[in-house]
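Engineer: fold the stuff below for me.
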Amino acid sequence: QFQLVESGGGLVQPGGSLRLSCTVSGLRIDQHIVGWFRQVPGKEREGVSCISDRGDTTNYADSVKDRFAISRDTAKNTVYLQMDNLKPEDTAVYYCAAEDDFGLCTLRQYEYDYWGQGTQVTVSS
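Structural biologist: Numbering: from 1, shown residues only. Next up, the predicted model:
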């Protein structure tokens, strides 16, 4: 049984920071690509960032480059998304997802096979 559980969301003021965690069970993150996505009601889910199975390649959406950083702890089987200088437009439900694949990662959601339940991030003063 595969399970991805996000945590760390909440309410933060513009310019603030949050760190999201994605704790994975049932599969090893060093054997699978893992990505972060976000969705606002009424809009399509968009890719935010991803990390390869080897952890040596990452990818970011242009809207979050230089503000967000993806990392992982293989001992904890957990992937993180550090979000700095948050803006109101970053408000969304954030999901982590895993591909039943390895190699270079992409931000195409249809390539991901397993999904978490999401965590709400709200950026507001």
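
Engineer: what about the residue most central in space within the chain, distance to Asp56?
Structural biologist: Centrality entry for the chain: nearest residue to the mean C-alpha point is Trp36, 2.2 Å, by Cα atoms, centre = their mean. Computed as Cβ to Cβ, to the nearest Å, the Trp36 to Asp56 distance reads 18 Å. The way it works is simple: take the backbone N, C-alpha and C, and place the C-beta from them, glycine included.

Engineer: and for Val24?
Structural biologist: 19 Å.

Engineer: and the two? which has more neighbours close in?
Structural biologist: Comparing Val24 with Asp56 by other Cβ atoms under 10 Å, the one with more neighbours is Val24, at 22 against 8.

Engineer: who touches Gln117 in this structure?
Structural biologist: Val5, Glu6, Tyr95 (Cβ atoms under 8 Å, 6 or more residues apart in numbering).

Engineer: again with Thr57
Structural biologist: Contacts of Thr57 (Cβ under 8 Å, 6+ apart): Ile51, Leu104, Cys105.

Engineer: count of neighbours near the first one?
Structural biologist: When you say that, I think you mean Ile51. Look at Ile51: counted by other Cβ under 10 Å, it has 23 neighbours.

Engineer: would you mind measuring from it to Glu99?
Structural biologist: Separation of Ile51 from Glu99 (Cβ to Cβ) stands at 11 Å.

Engineer: what is in contact with these two at once?
Structural biologist: What both Ile51 and Glu99 touch, as defined by Cβ under 8 Å, 6+ apart, is the set Ile33, Val34, Gly35, Cys105.

Engineer: quick check: phi and psi on the second one?
Structural biologist: When read as degrees, to the nearest 10, the backbone of Val34 gives phi -130, psi 140.

Engineer: so how far is Gln39 from the residue lying closest to Gly9 once chain neighbours are set aside?
Structural biologist: Using Cβ to Cβ, 6 or more residues apart in numbering and skipping residues adjacent in sequence, the residue nearest Gly9 is Thr119, 3.4 Å away. Distance from Thr119 to Gln39, counting by Cβ to Cβ: 12 Å.
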